[in-house]
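[1] this is a predicted model, with the sequence first.
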Amino acid sequence: MTTPPTASAGQDQLKALLDHTPQRSEQRCCFLLRVRPERLTEYVEVHQHVWQDMRDALSNAGWRRYSLFLRPEDGLVVGYFESDDAAASMRAMEDDDVNTRWQTEMAQYFVQPGGGTPEILAQYFHLP
């Protein structure tokens with residue numbers, strides 16, 4: 001009789017599949033953030049007027065087709081961008097003073113702890 005796989009084994013198999021699927025891309029990145037529901041209106045308003053130097057920093061770091069999407073019921077934000085190398089572009093923003101100032105301003109809107117730290121999602125399918 002065969003023993004069913006454990007939850008841990010199933011997670012290991014899933015991780016291996018996600019890490020090695022040919023559908024994965026170094027050029028696309030999708031992430032989640034969590035905004036405090038009582039601050040959603042302000043958060044969205046601020047993003048109607050993103051500083052020009054922040055926009056420039058994102059572009060200079062290689063971010064393209066950057067979009068944010070919101071589920072208003074609970075403040076879940078889905079972010080998506082493309083770049084020649086998404087990981088390198090994210091690292092470049094981590095080291096940028098403009099981004100540091102922007103993130104300091106944005107911290108007040110996020111669920112704590114960690115709601116403002118991007119949770120990177122694994123890509124497993126792409127239709128070009």
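    On my side now, so go ahead.

[2] which residues does stretch 47-66 contact?
    The contact list for stretch 47-66 (C-beta atoms under 8 Å, 6 or more residues apart in numbering) reads 68, 79-85, 88-89, 92-93, 96, 98-99, 102. Every residue, glycine included, has its C-beta placed from N, CA and C.

[3] filter those to the buried ones?
    Among the contacts of stretch 47-66, those buried by neighbour count (16 or more other C-beta atoms under 10 Å) are 79, 81-83, 89, 92-93, 96, 98-99, 102.

[4] show me which pair in the contacts of stretch 47-66 is furthest apart.
    Greatest spatial distance in the contacts of stretch 47-66: D84 and W102, 22.4 Å, computed using C-beta to C-beta.

[5] following the helix or strand bottoming out on mean pLDDT in the chain, which helix or strand comes up?
    When each helix and strand of the chain is scored by mean pLDDT, DSSP states H and E, helix 7-20 comes last, with a mean of 87. Tracing the chain C-terminally past helix 7-20 and defining elements by DSSP states H and E, one meets strand 28-34 next.

[6] quick one: buried residues of that next one?
    Neighbour-count burial for strand 28-34, counted by 16+ other C-beta under 10 Å, picks out 29-31, 33-34.

[7] what does the helix or strand just after it rub up against?
    For strand 28-34, the following helix or strand on the C-terminal side (DSSP H and E) is helix 40-46. Here helix 40-46 makes contact (C-beta under 8 Å, 6+ apart) with 35, 70, 72, 75, 105-106, 109.

[8] cool, and stretch 117-127?
    Contacting residues not belonging to stretch 117-127 are listed as 17-18, 21, 23-25, 28-33, 79, 90 [C-beta under 8 Å, 6+ apart].

[9] check P5 and give its pLDDT.
    We have a pLDDT of 61 for P5.

[10] and what of M1?
    Note on M1: pLDDT of 56.
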